[in-house]
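Peer 1: Below is the sequence, then the predicted model.
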Amino acid sequence: MPKNEGGLDRVLRVIAGLAVLSLAFVGPKTPWAYLGFVPLLTGALGYCPLYSLLGLNTCPVKKA
């Protein structure tokens, strides 16, 4: 999988994923909070399938 997320995008996804995921343990304790795994994993991997479908790329490294 080619990386299609830049550094800032990845950091924001990980922070947002952890914040949403924390709602499963603190706060309303709703199972919907497990959707926080999606931005957490995409931020950790640096690849977003939705970006690929839409043709977006925030990664500053250009392909040769």
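Peer 2: Done, it's in.
Peer 1: Count residues in the vicinity of residue 5, would you?
Peer 2: One way to gauge burial is a neighbour count; for residue 5, by other CB atoms under 10 Å, it gives 21. For glycine as for every other residue, the C-beta is placed from the backbone atoms N, C-alpha and C.
Peer 1: Tell me which residues touch it, please.
Peer 2: Taking CB atoms under 8 Å, 6 or more residues apart in numbering as the criterion, residue 5 is in contact with 13, 42, 43, 46, 47, 48, 51, 58, 59.
Peer 1: Any of those buried? List them.
Peer 2: 13, 42, 43, 46, 47, 48, 51, 59 (16 or more other CB atoms under 10 Å).
Peer 1: how near is the fifth one to residue 59?
Peer 2: Between residue 47 and residue 59 the computed distance is 9 Å (CB to CB, to the nearest Å).
Peer 1: Pull up the overlap in contacts between those two.
Peer 2: Residues touching both residue 47 and residue 59 (CB under 8 Å, 6+ apart) are 3, 4, 5.
Peer 1: what helix or strand does the residue nearest to residue 13 when sequence neighbours are not counted sit in?
Peer 2: In space, not counting the residues next to it along the chain, residue 13 is nearest to residue 43; the distance is 3.1 Å by CB to CB, 6 or more residues apart in numbering. Counting by DSSP states H and E, the element that carries residue 43 is helix 37-45.
Peer 1: any idea of the mean pLDDT in the helix or strand following that helix?
Peer 2: Reading on from helix 37-45 to the C-terminus, the next helix or strand found by DSSP H and E is helix 49-54. Here the mean pLDDT over helix 49-54 is 96, rounded to a whole number.
Peer 1: got the contact list for helix 49-54?
Peer 2: Looking at what lies outside helix 49-54 - CB under 8 Å, 6+ apart - the contacts are 4, 5, 42, 57, 58.
Peer 1: now, the most widely separated pair of those?
Peer 2: Distance extremes for the contacts of helix 49-54: the farthest pair is 42 and 57 at 13.6 Å, using CB to CB.
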